[in-house]
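**Student:** return atomic coordinates for the entry below.
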Amino acid sequence: MNISNLQQIHSSMAQQVANTQASIQPNVQSKDDSQRFGNLFVQQLQATNQMQHRADVELQNFMIGESDNLHNVMLAMEEASISLQFTTQVRNRVIEAYQEIRNMQI
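**Tutor:** Below you'll find the model as predicted:
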C-alpha cells in the first residue's frame, strides 16, 4: 500500500471529524434541542446514504474491471456497514427513549 494513500485517508478522516465536531457544537441561534437533534440525525442519514452509494460504486467499478484495488472496495464497504450499524443503533435508542417516556404515568 502506498503511503500517499494512507495520508489521503487520514486527511479525509480528519476532515470528517472536524466537520462532525463543528456540527455538534452548540448553536447559539433560536433553535431548540429537538430541532438540532433532528438536523444532526438527518445529516447522519445523508452521510450514511453517501457511504452506501460510494461502496456500491467502488464494488461495481471493481467488478467490471475499472479498478483493481480490492482494499479500497473493502474499506468503503466496511465504512458503509459501520455507519449503517451506528445509525440503526441511534434510531433504536431514540425509539426506546420515546417508548419509555410514553409509558410513564403522569
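**Student:** can you point out the buried residues in the helix or strand harbouring Ile95?
**Tutor:** Element membership of Ile95 [criterion: DSSP states H and E] is helix 70-102. For helix 70-102, the neighbour count (16 or more other Cβ atoms under 10 Å) marks Asn72, Val73, Ala76, Met77, Glu79, Ala80, Ser83, Thr87 as buried. Yep, even glycine has a C-beta here, placed from its N, CA and C like the rest.
**Student:** against which helices or strands is that helix packed?
**Tutor:** Judged by 3 or more Cβ pairs under 8 Å, 6 or more residues apart in numbering; DSSP states H and E, helix 70-102 is in contact with helix 33-64.
**Student:** where does Gly65 fall, phi/psi-wise?
**Tutor:** phi 90, psi 10 (degrees, to the nearest 10).
**Student:** any regions of this protein where pLDDT drops low?
**Tutor:** Counting by pLDDT under 70, the chain shows low-confidence ranges at 1-31.
**Student:** let me know the closest of the buried residues of helix 70-102 to Ile64.
**Tutor:** Using Cβ to Cβ, Val73 comes nearest to Ile64 of the buried residues of helix 70-102, at 12.1 Å.
**Student:** any idea how far that closest one lies from Arg91?
**Tutor:** Distance of Val73 to Arg91, given as Cβ to Cβ, to the nearest Å: 27 Å.
**Student:** ok, Tyr98 next?
**Tutor:** From Tyr98 to Arg91 the distance is 11 Å (Cβ to Cβ).
**Student:** Gln85: what's it in contact with?
**Tutor:** Taking Cβ atoms under 8 Å, 6 or more residues apart in numbering, we find Gln85 in contact with no residue.
**Student:** does Ile83 touch Ala47 like I think?
**Tutor:** Careful, residue 83 is Ser and not Ile. Yes: contact criterion Cβ atoms under 8 Å: Ser83 and Ala47 qualify, at 6.7 Å.
**Student:** just to revisit the earlier point, ok and the helix holding Ile95 relative to helix 33-64, angle-wise?
**Tutor:** Here helix 70-102 runs at an angle of 150 degrees relative to helix 33-64 (axes from the mean of the first three to the mean of the last three Cα atoms, to 10 degrees).
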